[in-house]
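> predicted model and sequence below, questions to follow.
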Amino acid sequence: MNSIDCNAPIGLFDSGIGGLSVYLHLAQQLPAERYVYYADTLNVPYGNRDSKDIEALTLMAVDWLCQQGCKLIVIACNSASAYALEKARRYYPQLIIVGLVPALKPAVLASKSRCVAVLATKATLNGSLLDEVINSIAKPNNTSVIKYFDPHLVPWVEAGMPEQDETAVRLRQQLQAFAKEGIDQLVLGCTHYPFFKTFLLDEIDKKQLPMQVVDSGQAIAERVKQLLITNQLSAVLDNEEKIYHSQTKNETKVDIKPPLIFYATKYDDKLTALVERLLGKNIRLQYYSK
Ligand code: DGL
């Protein structure tokens, strides 16, 4: 008998706003679910931190999401998953915890040139989760894996990806360098990176580069869906419960979708504007403070 409430929310955690790229896939595939998002904006970026630091910050976030009564938690951060997934599962055995690892497997299986690149943080590239996939999938398929790291990518996304920034220029040049090396699959191994996927695809299209861009968002949403079904935890909201009311000054708005509860360890006006820009106007947000 399952004692977890199937209408409890799904928790998501990232060092910053990157995990929202995973949330977008989840919200699309599982629209009846409620979501609580924890962004550790006070400590972002995690990618340059040491493993102990990442582990401690991640366990704090998982603990907070657990206290919110989440039925399942997605560690929507490759860096955090690399150093804390195992421990989080050990500390919270009653919880279903899903972690992220760069989508190297589908990239290797799709590669014709047998050369792929993984773009990720230093922490993810040095972690054992990625090496496990290299050893079990890339090596047996004779595929070489180039690990690429630029410490400015996460801060660039957190800053709203200004196109005139040096990081954007470098990224364009790097794409050409990858193409010259014969790389035909580019794995976005950090949840911040799908937010510049369109930027990459535009450049690939403009320069006619024979390259595909892969990320984990869709597969993670499918995995979560499967886990909810297997554990009989899919939300079962009746029609009345599906209607959420939000009170504004002069009117009561009625919406059929539950809002995303967004908690950040540090707020400012820029963060609010960025979250709204990344999620689009139709998404309802409810900010949360401790
Ligand atoms: N979004 C995170 C990841 O997937 C980490 C970014 C960071 O804080 O360095 O790795």
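Structure's in. What do you need?
> shouldn't Leu153 be in contact with Tyr193?
Yes - judged on CB atoms under 8 Å, Leu153 makes contact with Tyr193 at a distance of 6.7 Å. In short, each C-beta sits where N, CA and C put it, glycine included.
> which residues sit against stretch 272-279?
17, 20-21, 23-24, 158, 160, 195, 260, 262, 283, 285, 287 (CB atoms under 8 Å, 6 or more residues apart in numbering).
> list the residues that contact both of Leu153 and Tyr193?
Residues touching both Leu153 and Tyr193 by CB under 8 Å, 6+ apart: Leu119.
> the spatially closest residue to Asp184 that is not a sequence neighbour: how many residues sit nearby?
On the basis of CB to CB, 6 or more residues apart in numbering, the spatially nearest residue to Asp184 that is not a chain neighbour turns out to be Ser113, at 4.4 Å. As a burial measure, Ser113 scores 14 neighbours (other CB atoms under 10 Å).
> show me what contacts Ser113?
Counting by CB under 8 Å, 6+ apart, Ser113 has contacts 182-184.
> of those residues - the most surrounded one?
In terms of neighbours by other CB under 10 Å, these top out with Ile183 at 25 neighbours.
> now that residue: how far from the ligand?
Plainly put, Ile183 is 20 Å away from the ligand if you go by CB to the nearest ligand atom, to the nearest Å.
> is that residue in contact with Gln212, as I believe?
No - using CB under 8 Å, Ile183 is not in contact with Gln212, being 10.1 Å away.
> residues touching the top helix by length along the chain, excluding its own?
The residue-count maximum for a helix in the chain (DSSP state H) belongs to helix 51-67. By CB under 8 Å, 6+ apart, the surrounding residues in contact with helix 51-67 are 11-13, 15, 36, 38, 40, 43, 46, 49, 73, 75, 77, 79-80, 82-84, 87-88, 91-92, 95, 97, 123, 127, 263.
> what about the helices in the stretch 51-200 of the chain?
Assigned by DSSP state H, counting those that start in this stretch, the helices in the stretch 51-200 of the chain fall at 51-67, 78-91, 104-110, 122-126, 128-133, 153-158, 166-180, 197-206.
> and of the ones you listed, who's closest to Lys225?
Among the helices of the stretch 51-200 of the chain, helix 104-110 comes nearest to Lys225, with 17.7 Å by CB to CB.
> quick one: the strands in the stretch 151-290 of the chain?
Taking DSSP state E, counting those that start in this stretch as the criterion, the stretch 151-290 of the chain contains strands spanning 185-188, 212-214, 244-247, 252-255, 260-264, 285-288.
> how about the residues of the stretch 1-150 of the chain by the ligand?
Residues of the stretch 1-150 of the chain lying near the ligand by CB under 6 Å from any ligand atom: 14-16, 18, 44-47, 77-79, 121, 124.
> neighbour count and pLDDT for these - can I get that in CSV?
Compiled in CSV, these are given as follows (neighbours: other CB atoms under 10 Å; pLDDT from 0 to 100):
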residue, neighbour count, pLDDT
Asp14, 30, 98
Ser15, 33, 97
Gly16, 26, 96
Gly18, 28, 97
Val44, 24, 95
Pro45, 23, 96
Tyr46, 28, 95
Gly47, 25, 91
Cys77, 35, 98
Asn78, 32, 98
Ser79, 32, 97
Thr121, 29, 97
Thr124, 27, 97
